[in-house]
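Participant: Turn this into a structure:
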Amino acid sequence: MIVIQNLGSGSPTHHRRPWMKGVRWGVLLGLMVLIYGSHAPLIAMTKVDGRVPFSSSSCVVLIELTKLLVSLVTLLLSGDLSVLCGSLSPALTAPYAVPAILYAVNNNLVLLMQAYMDPSSFQVLSNLKIASTALLYTFCLRKRLRSAQWLALGILMGAGVCHSYSSLDLDGPGLAEDQASPRLHITAWGLVFVLVYCFISGLAAVYTERVLKGQRLPLSLQNLYLYVFGVAINGVSYVSGMESGKGFLEGYSAAVWAIVAGQAANGLLMSVVLKHGSGITRLFVISSSMLVNALLSWALLGLQLTPLFLLPITMIGLAAYLYYR
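Facilitator: From the prediction side, this is the model:
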């Protein structure tokens, strides 16, 4: 950002700068909400005979690789190569391996938990990551929240639970006759795993924010370090779980490439939020994406919206007002 000294309060530039900053943040957050909200509908559009035809692990590798390449190009265009040469030390680069490890653990936890609970229960209980992120945010980053902000986060978590519950088809037609339909269930191990999942999710976000803000390095260089480890760890995960005879890009379609591009863009935008904003803003982005998710599911997939859908949307608006006022 360009800083011009000795401008009086009456300068047009002085008045225009906060307004322009607000517009940029609005566009950035709006784009993130749109990408987050379109993720699940895009995955649904890729399914063939009810199954995803591509390898999810190869998709993650491509997302990390795309973010890595964009970060490298950005660094080259900015001319900060001298910073890169002067910061290649284990003390500076090693901390960026931690988020990649944490996210890799969580990705495997999601698969493991399917044996101990149904997907709907996981969808509802995963909203506890709002509470875990807020607690770790105050503890690790020493950020004190006002009572109204704690109330706002509680309402935000309640909105996520309401939205998840409203999407459950507990009384769908033919449910009683279809004995193969999965019932809501969760075991003791499932509860332990979901609590660990929410803790790791919050820890990864808070830790990444602390690393990005704690080092005086260009964001493009920090992203480069993050995604080098991301590509390496997810690449190992893909190779270890690779199915024989199945190609890396098998089953890819235009919708899958849209997922790769969207999630790569979202990861890069999220690093901007964590560097210059806060992890709490990330929670509001994810929660607000429920509106986009529902509308796209209605428009593209023909899913019906229930009157209960309006309740979580209202709660998110109230939570945002209480937190940021």
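Participant: any idea which element the closest residue to L125 other than its chain neighbours lies in?
Facilitator: Spatial nearest neighbour of L125, excluding adjacent residues (Cβ to Cβ, 6 or more residues apart in numbering): V194 at 4.7 Å. The way it works is simple: take the backbone N, C-alpha and C, and place the C-beta from them, glycine included. For V194, the host element (DSSP states H and E) is helix 188-214.
Participant: and the helix or strand following that helix, what other elements does it pack with?
Facilitator: The element immediately downstream of helix 188-214 (helix or strand, assigned by DSSP H and E) is helix 219-240. When contacts are defined as 3 or more Cβ pairs under 8 Å, 6 or more residues apart in numbering; DSSP states H and E, helix 219-240 sits against helix 56-78, helix 81-86, helix 97-113, helix 188-214, helix 254-276.
Participant: what's in contact with helix 219-240?
Facilitator: 55, 57-58, 60-61, 64-65, 67-68, 71-72, 74-75, 78, 80, 83-84, 87, 92-93, 96-97, 99-101, 103-104, 107-108, 208, 211-212, 215, 268, 271-272, 275 (Cβ atoms under 8 Å, 6 or more residues apart in numbering).
Participant: cool, and stretch 53-64?
Facilitator: Applying Cβ under 8 Å, 6+ apart, the contact partners of stretch 53-64 are 46-47, 107, 227, 230-231, 234-235, 237-238, 241-243, 246, 248-253, 256, 259-260, 263-264, 267.
Participant: pLDDT (mean, whole number) over that stretch?
Facilitator: For stretch 53-64, mean pLDDT is 89.
Participant: Likewise for stretch 31-43?
Facilitator: Averaged across stretch 31-43, pLDDT comes to 87.
Participant: what does stretch 193-210 give?
Facilitator: 92.
Participant: same thing with stretch 99-110?
Facilitator: The model assigns stretch 99-110 a mean pLDDT of 85.
Participant: Any buried residues in that stretch, and which?
Facilitator: P99, A100, L102, Y103, A104, N106, N107 (16 or more other Cβ atoms under 10 Å).
Participant: What's the separation between the third one and L136?
Facilitator: For L102, the distance to L136 under the criterion Cβ to Cβ, to the nearest Å works out to 12 Å.
Participant: how about the helices and strands packed on helix 219-240 in JSON lines, adding distance to R144?
Facilitator: Shown next, in JSON lines, are the helices and strands packed on helix 219-240 (distance: least, Cβ to Cβ, whole Å):
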{"stretch": "helix 56-78", "distance to R144": "33"}
{"stretch": "helix 81-86", "distance to R144": "34"}
{"stretch": "helix 97-113", "distance to R144": "25"}
{"stretch": "helix 188-214", "distance to R144": "15"}
{"stretch": "helix 254-276", "distance to R144": "19"}
